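Visitor: Give me the fold of what follows.
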Amino acid sequence: MRIVFIDGMGGGLMAQVISQVAGRLPEGAELIGLGTNALATAAMLKAGLKRGATGENAVCVTAQTADIIVGPIGIVLPNAMLGEITPQMAAAVSSARARKLLLPVTQNHSEIIGMENKPLGQLVKEAADKIVEICGSKI
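Guide: A predicted model of the protein is given here:
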């Protein structure tokens, strides 16, 4: 099972999710961090990933090989995250066959009507729990 985490800005959101899934996934789960910038990639690697890459091409190529893609909802919205998500990145993620687990964090130019407003910590926990549920627990 290949799980791809995509984040931008400082990478802190996916770093939190990665920290919560560490040690809870079955052996053989491959975790990859993709940052829209080097700072985001570094944060995900520091959180415990062994593999990471940065930039548009890394996102576009690796998204196509993922079983699960995890990230803020902005990864499927062109020009989100202050322009860090290019239209090509958004298209690659949204068209990937992978199951997408998107955290509904605020975007300046988009609102999701009907979504319950939850604290970020709760969203992170729910995302980590869903990843473990999909992959099957190691414990």
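
Visitor: Mind giving me the packing neighbours of the lengthiest helix in the chain?
Guide: Counting residues, the longest helix found in the chain (DSSP state H) is helix 120-135. For helix 120-135, the packing partners by 3 or more Cβ pairs under 8 Å, 6 or more residues apart in numbering; DSSP states H and E come out as helix 12-21, strand 68-72, strand 99-103. C-beta here means a position set from N, CA and C on the backbone, and glycine is covered the same way.

Visitor: Touching the first one from outside, list them.
Guide: Going back to what we said before, that points to helix 12-21. For helix 12-21, contacts defined as Cβ atoms under 8 Å, 6 or more residues apart in numbering pick out 5-7, 31, 33, 40, 43-44, 46-49, 70-72, 103, 105, 120-121, 124-125, 127-128, 131-132.

Visitor: Wasn't G52 part of a strand?
Guide: Yes. The assignment for G52 (DSSP: H, G, I helix; E, B strand; the rest coil) places it in a strand.

Visitor: Distance of it relative to G35?
Guide: 7 Å (Cβ to Cβ, to the nearest Å).

Visitor: Pull the distance from the longest helix of the chain to the chain's centre.
Guide: 11 Å (Cα atoms, centre = their mean, to the nearest Å).

Visitor: just stretch 19-33 next, same as before
Guide: 13 Å.
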